[in-house]
Structure formats: structure tokens, C-alpha cells
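> Prediction below, plus the sequence it came from.
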Amino acid sequence: MPPPPLVALRGVTKSYYGQKVLSDVSFEIAEGEVFGYIGPNGAGKSTTLKIMAGLITTYEGEVRVGGADVGRDRDRTHALIGFMPQGAGFQNWRTVESALDSLGELSGVPADVRARRIPALLERFDLLKARTKKVKELSGGMTQKLSLIQALLHEPKLLILDEPLEGLDPPSRQLLKDVIRERQRAGTTVLFSSHILSDVEHVADRIGILKAGEVATTGSMRELMTAFDTPIEVDVWFSQAPADLAYLHDPAFGTAALRKPGEWRITLPRGADVDAIIHALVERTLAGGGRLRKIGVAEPALDELFARYILEGGRRGN
Amino acid sequence: MATKAATRILVRDELIGFARSKVMLVLWAVLPALALAGYFLLKDVKLGPGADGAPMPATTFMSMLISSITGTMAALMVAVDLVSERQRKVYELLIIRPVRREVIVWAKFIAVFLSVTIACVISLLLGIGVDAVRGQSLTDEETRGVVRATVTMVTTVGMSAAMGALLGVLARTILVAVLLILYVGQNLAFIPMAPVYFGVFPDRFWLVQLVSVGIIIGALALAGRSFARSQF
């Protein structure tokens, strides 16, 4: 019997002034999983995360974290969850260190643990030198990192991050992705929303796509490709193209299109045997006197899947 | 986390915040100094009870002046802080922790109430000091008047700060909060006086104070409840 999921949303519906923002949202996240939550602006990502963190308390449906209902058993779920809200603010007069110390104290972290953990986290996020700086003097990216640190202070079982990569420079984005992976290895479950889909793709084990308040689908990249019935494409680079390229247009291969001189993209027919086609392509290229530089399956990026899903405007597969 | 411990942490932090934001400097030094300057400027003007000949004691002058200012100040401090911190999403980081939401508002109230009350006490002590230096002692009647003025001042500060908390929780912008305080909150002091004014009760000083305390508790309960039900 599989272990129960750490997070379970069932039929979560939220309306503002009669307008539904979330409609019957349901998904589960297993313990130790990294779950990427994506959707266009206004789809309801932040609302979902705020409900889970206990910031929004009026909604229909059920949200359970670690078996406890976040609406009813707040003390227990507060202790389990670390939340990084989007654009969180700190009291302006505070220094970086005092802000973290006070929030850690409110989370119930003992003083001696705070004294060890805060400098360690500041160092990990390259903020140790700014420990005595006032929060209002920090740049947007530094504030973003501070916001993440406060979510980690009590070492929660579930880390919920709302757009954590927004406003970060590439090294900081990489750092954050590394930290997410480190936390995962330490047993933390991570749920994060993002618009930077390539980052979601690289970090998340599973992805949930939210559109107009409904979760259209959840799954791994591979499962999403299947759900969206995404055609498989093979890219072929010639170092020397054969004199006759007519074989590329063989219906058995699918549809070939020239992308750049010497570079073709072949969209395979649905259900085609990818390995067999690649093998045939190599054979016929060599037989035609051509030479290959590279050949490989082009998996669509999450951006592409997501854009396709949004453009096609509906639920597919799954 | 126990409510008591969270309240202690939040009140402590609010007080440190005020101290660092120079509000305390204004309250505890500038305000009494201005009141004192006002006294020396106006001491020869015949005002109030001392108008029949003897100059008004500094203590009486200070208590009158400070009580007329501090109520509005307390209400504005609480309300503006609440609205501004909510707009900057400061409370989101507190609410996600095991802290009762009401405590966040009550801590702000306690910190402002304490800060402003201490400012009042400093001003009064300054007045008493000036009177002592000038060899002008208060008559029994004046002493009773100062005690009553001080108690009224404290309950007024409490009522104003509590109303500031309620309006600060309800208002969504600083402008609305300020307007509500100036046009609604400032008339609140009339409520405990109303039964006396309309002749329902005789002038029972302590009864009026009791009604004031009731209003403070009611306003704080309402503010806490509204804040707890807020969606962030």
C-alpha cells in the first residue's frame, strides 16, 4: 500500500465577490516530491498556495497537510509548512538578522538553534555580509532570498514557494534550484509556482498546470507530453547532406522541414517507433553518401507544452 | 505557540520598532519639550482655573495640553502602522506562523498605548518638576484635578488607540484610515461622557472611566475579530 500523500487538495473552490477564482482544484503531492505549479497570470496559483499556507481561510473543499486539515488544525499545519509568499514584506526598521531571529522565535525555534541556523542559512544564500543591514536597504533579489530563508528557519516538512525565482539573477536562480534539490534530499517536500518554466522543468518531479482556476492536469514531463498528445520530433544535423534528400519526405518518417541549412526537423507519425526511424534515417543518409553530425529526439520544452496547452485552450488527454 | 509568549515577542518587537523609528524620540522628548515651551510662552496668559490671579501650575497646563494631542496621535500611530504593514505584506509572514491573528493587532495596541502613556507621564513629571523649582505647589483641588486629568488622559489614549486599531484593520488605505480617525474616532470620547451630558448619570468620574475601559475592550475585541477573519 503506498504511503499517504503529504499534501492532498480535494475540491478546493474559492470565489471573490461571486467570481470563481479556483474551481474544484484537486491534486496530491507525495512526501519528498518537488511539485511545480504553473499557470498563466490570474489562473489562481497564489490563491491555492495561500489557502494551503492558511492566509486564506474561507474556501470550499478540503486541504490536508500531513493528515491535518489546514482550516481546522492550524497549529499543527503551521509547524509543518514553511511558506514564502510572493513579494513578502519585513518591518522596515529591522536588520536582516533581527528579522529572521524574531520570525524564528515566533515559529518556536529555540534561541540556541536560531543562533546556529540563521548564520548558516545567510551564508548559504550569500547574505552573511548583509546580516546587519536594514531590510529596507536590500535589493529585490536579496529580499527574495531573505523571504526564502524565513521559510526554512523551522525546517518544515513542506516548503511552499510562491514565484521564488522571480526577480533573481541567473546565479541566484541556480542557487535556489540547488537549495530545492538539497531540501528534497533532506526529505522536504517542495511545492513551488513559477513563470520561468524552464526552471520548473529542471527542478520539479511533477508539474501541475492550472488554467482559469482549474487544474487541467498533473504529471511528470513525460506524462504531460502523453497527456497533451505531443508529437515526437527528431532533429537531424548533416555535416554533409546527401545529394538526394527525397528520402526525408518518406511518409514512414513523417513530415520533414528544413530549419536551417544542414538542419532538418522531422515530426514522426503518431505511434511511430522512434528507435527504428532513427536507425533508418542513419542508414539511408549514409547510403546516399551523406555524413551526419548529430541526430536526436527533440523533446518539447515545458514552455512549448504550456503555450500549446494555453493556445489550444482546453483539457487534453489525462 | 502560546498566546502569551507570542504577545510578549510581538509587543517587544513593536516597542523596539517604535524606538528605532524615532517616533519614541518625538513622543518622549520633543512632545514634552514643546508642551513645556508652550507653558513658558503662555504662563502669563490668564487661562482656566488660575485666571483669578495666580498663574496656572505647569502640571495643570501640561496635562491639559498633552491630553488634547495624544489621543489623536495614538489613534493615528496604530491605524497608519496597521494599514501600511498590511499593504507591504508584513503580516503574511506572521500569520503563517503559529500565532493567533488577534495578537498581532493587540500587540500593536499595547505598544502604542504604553509609548504614548509614558510620554504623558514624562510631560506631567516635567510639569511637576517645573512647579517644584518655581516653588509653586498645587492646591488639593488642583492635585485632584491633575489626578483626574491623568486618569482621563490614560483612558482617552486607550480608547483612541483601540479605535485606531479597529479603523486600521477595517481601512484599506492610509488616507481612509486617517479620515476615519479624524472624523469618526475623535468623537468616540463623547460616548462615555454622553450619559453624564444628557443627565442620565450624575458626574461620576470613575463610572465614566469604567465605560471607557469597556469601550477599549469592545473595540479591541472587534478589531481582533475583524483581523482574524481577514483574507490575506
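Sure thing, it's come through.

> Quick one: neighbours of the residue of chain A found nearest chain B, just the number.
Going by C-beta to the nearest C-beta, chain B is nearest to A:Gly89 of chain A, at 3.5 Å. Backbone N, C-alpha and C define where each C-beta goes, glycine included. Neighbourhood size, A:Gly89 [other C-beta atoms under 10 Å in any protein chain shown]: 20.

> and the host helix or strand of A:Met225, how far out from the chain's middle?
Using DSSP states H and E, A:Met225 falls within helix A:221-227. Relative to the chain's own centre, helix A:221-227 is displaced by 15 Å; criterion: C-alpha atoms, centre = their mean, to the nearest Å.

> Next SSE downstream of it?
Using DSSP H and E, the helix or strand that follows helix A:221-227 in sequence is strand A:233-240.

> Okay, buried residues for that next one please.
Residues of strand A:233-240 classed as buried by neighbour count (16 or more other C-beta atoms under 10 Å in any protein chain shown): A:233-234, A:236, A:238.

> who touches A:Phe90 in this structure?
When contacts are counted by C-beta atoms under 8 Å, 6 or more residues apart in numbering or on different chains, A:Phe90 touches A:99, A:135, A:143, A:146, B:90, B:93.

> So which of those sit within helices?
Of those, the ones assigned to helices by DSSP state H are A:99, A:143, A:146, B:90, B:93.

> will you turn those residues into a markdown table that also has distance to A:Leu55 and pLDDT?
As requested, these are arranged in a markdown table below (distance: C-beta to C-beta, whole Å; pLDDT from 0 to 100):
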| residue | distance to A:Leu55 | pLDDT |
| --- | --- | --- |
| A:Ala99 | 19 | 95 |
| A:Thr143 | 19 | 94 |
| A:Leu146 | 19 | 95 |
| B:Val90 | 13 | 94 |
| B:Leu93 | 10 | 95 |
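
> residue boundaries of the helices in chain A?
Using DSSP H, helices in chain A cover A:45-53, A:74-80, A:96-106, A:111-124, A:140-152, A:170-185, A:197-203, A:221-227, A:274-287, A:302-312.

> what sits up against the first one?
Right, helix A:45-53. For helix A:45-53, contacts defined as C-beta under 8 Å, 6+ apart pick out A:7, A:9, A:12, A:14, A:21-22, A:25, A:37-39, A:56, A:59, A:63, A:65, A:70, A:81, A:83, A:85-86, A:160, A:162-163, A:191, A:193, A:210, B:96, B:232.

> my guess is A:Leu106 meets B:Ile95, correct?
No. A:Leu106 is beyond contact range of B:Ile95, at 10.3 Å (criterion: C-beta atoms under 8 Å).

> Not counting its neighbours along the chain, what's nearest A:Glu214?
Distance criterion C-beta to C-beta, 6 or more residues apart in numbering or on different chains; nearest residue to A:Glu214, sequence neighbours excluded, is A:Ser23 at 5.1 Å.

> Kindly report the same for A:Glu163.
Spatial nearest neighbour of A:Glu163, excluding adjacent residues (C-beta to C-beta, 6+ apart): A:Gln86 at 4.8 Å.

> what separates the one you found from B:Asp81, distance-wise?
Using C-beta to C-beta, to the nearest Å, A:Gln86 is found at 23 Å from B:Asp81.

> So for these two, which residue has more residues nearby?
Remark: of A:Gln86 and B:Asp81, B:Asp81 carries more neighbours, 25 against 18, as counted by other C-beta under 10 Å.

> okay, now A:Arg76: neighbour count?
Applying other C-beta under 10 Å, we find 16 other residues in the vicinity of A:Arg76.

> got a list of what B:Leu36 touches?
B:Leu36 makes contact with B:58, B:62, B:123, B:126-127, B:130 under the criterion C-beta under 8 Å, 6+ apart.

> phi, psi of it?
The phi/psi pair for B:Leu36 (degrees, to the nearest 10) reads phi -70, psi -40.

> pLDDT score for residue 98?
Looking at chain A here, since you left the chain open. As predicted, A:Ser98 sits at a pLDDT of 94.

> The chain in question should be chain B.
pLDDT, B:Pro98: 87.

> ok, it touching A:Val109?
No. Between B:Pro98 and A:Val109 there is no contact under C-beta under 8 Å: 11.4 Å.
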